[in-house]
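Student: Got a sequence here, can you model it:
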Amino acid sequence: MNTDRTVSTFVDFFRDRGHQRITGDSLLRPPGDPVLFTTSGMHPLTPYLLGRPHPLGRRLVGLQRCLRTTDLDEVGDPTHLTVFEMLGSWSLGEYGGPQSLRWGYELLRDGFGIPPGLLHVTVFGGDEQVGPDTDSLRTWNELGVPVELTREDNWWSNGPTGPCGPDSEIFVWTGDTPPSGTPGTDGRWVEVWNHVTMRYHRGEDGGLRLLRQPSIDTGLGLERLLTVLQDKPSVYECDLFDPWTSTVPGLWDTDEVSLRIVYDHLRSGVVVIGDGVLPSNTGRGYVLRRLIRRVLTTLWRDDPSRTLSDLPTEPLEHTLDHFRQPGGTGPVRDVLLDEERRFSRLLERGRQVLSRQGYDGSLREQDYGYLHETHGLPRELVDGLRGSRG
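Tutor: Purely as a prediction, here's the structure:
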């Protein structure tokens, strides 16, 4: 079950049930949107989930590229990525939560061949404002899938105000032993699919009112699904990362977590550049600059002679092709190398700062903070610069 077959299986399943395929948007949001990047599959569909008629109808399916910086410090573990893709299905006031859950169960079981005994779900158990999601609970009980009730973990919202509602998350067992525990007690249960019943709008005062058009929004992370279907221990070992994992380790000998950060941040940087962003000190450009410099910090921490000019064309080309981004690898490589030169010059100035201001003894936290905020020097490289000075 490679990437192409996985995507086509998902899309075809919903097409057979009356859904129209939508083309995944760029990572970039239109002017006026307060969010810099698309963070979820539903993000471009927000006006339609709130009631505006969609030109393709009320049943939709698609694949959307997304970027999240909230989990940046988690990158390097088996599941988190900065840029990822979200498979999604949507009902714009057409069918309800139970139908969505039944189709989700059917697709995982019959389309992707996941044994029902490896599934566990979570359902909203109610809070002070809204009662438990009895429709979802009843549906899963009828399907024979074990349920764990939660509160905030199964309440989806698009921020402190706006559309929201209860959701049901589907988990797959990834352990080497028979399934045990629940998603809340055992990390070997990995979430793959979230089904949101968008019923409410939360106002500035925290109150909830019913939406005129309740809708269904589901999101299934492609890379996580591939990890499960291909029986891999991490997202970095699914076939999407083959061009990275087959070339980068031979260039730079480092530990596994560092390699994963390099894979993720370079791949994410390529996609952001492919969508037309250049490094800068503000906005989207700052996110890109931060990604590239985190790669360089990771590489130079062990060996300052490492350079992105050694990176082969294959992973860059594969990433641009997969995300359907024209322009070729040349401009992307130029941006990466230009940012490497800028960062190298910054570090050279950093050596002078450390020498001139006499940072000879142990540094305090406020010293590291000053050096980072004023001179752009990451903590890891400050220690390296001080060590190389002597």
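Student: going forward, measure contacts between C-alpha atoms and count neighbours the same way
Tutor: OK.
Student: In which helix or strand does residue 88 reside?
Tutor: strand 83-91 (DSSP states H and E).
Student: C-terminal to that strand, what's the next element?
Tutor: Past strand 83-91, the next helix or strand by DSSP H and E is helix 97-106.
Student: next one: that following helix to chain centre, how far?
Tutor: 24 Å (C-alpha atoms, centre = their mean, to the nearest Å).
Student: Please apply the same query to stretch 83-90.
Tutor: For stretch 83-90, the distance to the chain centre is 10 Å (C-alpha atoms, centre = their mean).
Student: for stretch 213-229, same thing?
Tutor: Put simply, stretch 213-229 sits 12 Å off its chain's centre (C-alpha atoms, centre = their mean).
Student: One more: stretch 39-50?
Tutor: The answer for stretch 39-50 is 16 Å, by C-alpha atoms, centre = their mean.
Student: CA atoms of that stretch as PDB?
Tutor: Output of stretch 39-50 as PDB, limited to C-alpha atoms (Å, rounded to 0.1, in the frame of the first residue of the first chain):
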ATOM      1  CA  THR A  39      -2.900  24.200   9.400                       C
ATOM      2  CA  SER A  40      -5.600  21.600   8.600                       C
ATOM      3  CA  GLY A  41      -7.600  20.200   5.700                       C
ATOM      4  CA  MET A  42     -10.700  22.100   6.700                       C
ATOM      5  CA  HIS A  43      -9.000  25.500   6.900                       C
ATOM      6  CA  PRO A  44      -9.700  26.500   3.200                       C
ATOM      7  CA  LEU A  45     -13.300  25.200   3.600                       C
ATOM      8  CA  THR A  46     -14.200  27.300   6.600                       C
ATOM      9  CA  PRO A  47     -16.700  29.600   4.800                       C
ATOM     10  CA  TYR A  48     -18.500  26.600   3.300                       C
ATOM     11  CA  LEU A  49     -18.600  24.700   6.700                       C
ATOM     12  CA  LEU A  50     -20.300  27.900   8.000                       C
END
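Student: tell me what the helix or strand that residue 341 is a member of is packed against?
Tutor: Element membership for residue 341 (DSSP H and E) is helix 329-356. Applying 3 or more C-alpha pairs under 8 Å, 6 or more residues apart in numbering; DSSP states H and E, one finds that helix 329-356 contacts helix 256-274, helix 283-300, helix 313-322, helix 379-389.
Student: So which elements touch the helix or strand following it?
Tutor: Moving toward the C-terminus from helix 329-356, the next helix or strand (DSSP H and E) is helix 365-375. When contacts are defined as 3+ C-alpha pairs under 8 Å, 6+ apart, helix 365-375 packs onto helix 379-389.
Student: make it 7 Å
Tutor: Here helix 365-375 touches no other helix or strand, going by 3 or more C-alpha pairs under 7 Å, 6 or more residues apart in numbering; DSSP states H and E.
Student: which outside residues touch it?
Tutor: For helix 365-375, the external contacting residues (C-alpha atoms under 7 Å, 6 or more residues apart in numbering) are 350, 377-379.
Student: thinking again about what came up before, for the helix holding residue 341, list every residue counted as buried.
Tutor: 329, 332-333, 335-336, 339-340, 343, 347, 350-351, 354 (16 or more other C-alpha atoms under 10 Å).
Student: same deal with stretch 286-296?
Tutor: Buried residues in stretch 286-296, defined by neighbour count with 16+ other C-alpha under 10 Å: 287-296.
Student: centre of the chain versus stretch 321-335, how much separation?
Tutor: 21 Å.
Student: distance between the ends of it?
Tutor: End-to-end distance of stretch 321-335 (C-alpha to C-alpha, to the nearest Å): 18 Å.
Student: swap in stretch 27-36?
Tutor: 8 Å.
Student: If you average the pLDDT over that stretch, what comes out?
Tutor: The average pLDDT for stretch 27-36 rounds to 81.
Student: cool, and stretch 53-72?
Tutor: Mean per-residue pLDDT for stretch 53-72: 93.
Student: Just the CA atoms of it, as CSV, please.
Tutor: C-alpha atoms of stretch 53-72 as CSV (Å, rounded to 0.1, in the frame of the first residue of the first chain):
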residue,chain,number,x,y,z
PRO,A,53,-22.7,27.0,-0.9
HIS,A,54,-19.7,25.2,-2.3
PRO,A,55,-19.6,25.1,-6.2
LEU,A,56,-18.9,21.4,-6.2
GLY,A,57,-21.8,20.5,-3.9
ARG,A,58,-22.3,19.3,-0.3
ARG,A,59,-20.1,16.2,-0.3
LEU,A,60,-16.4,16.7,-0.7
VAL,A,61,-13.1,14.8,-0.5
GLY,A,62,-9.6,15.9,-0.9
LEU,A,63,-5.9,16.0,0.0
GLN,A,64,-4.5,19.2,1.6
ARG,A,65,-0.9,20.1,2.4
CYS,A,66,-0.6,21.6,5.9
LEU,A,67,2.1,23.3,8.1
ARG,A,68,2.1,23.5,11.9
THR,A,69,4.8,25.1,14.0
THR,A,70,3.0,24.3,17.3
ASP,A,71,4.6,20.9,17.4
LEU,A,72,8.1,22.0,16.2
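Student: Can you pull out the residues in contact with it?
Tutor: 11, 14, 18-25, 27, 37-41, 48, 82-94.
Student: redo that, cut-off 8 Å
Tutor: Here stretch 53-72 makes contact (C-alpha atoms under 8 Å, 6 or more residues apart in numbering) with 11, 14-15, 18-27, 37-41, 48, 80-94, 323.
Student: cool, and stretch 98-117?
Tutor: With contact meaning C-alpha under 8 Å, 6+ apart, stretch 98-117 is reached by 6, 9-10, 13, 135-136, 139-140, 143, 145, 179, 195, 216, 229.
Student: just for this structure, where's the confidence low?
Tutor: 356-361, 380-381, 383-390 (pLDDT under 70).
Student: Quick check on the closest residue to residue 14 other than its chain neighbours: phi, psi?
Tutor: In this structure, residue 14 finds its nearest non-sequential neighbour in residue 61, 6.6 Å apart by C-alpha to C-alpha, 6 or more residues apart in numbering. Dihedral pair for residue 61: phi -140, psi 150, per degrees, to the nearest 10.
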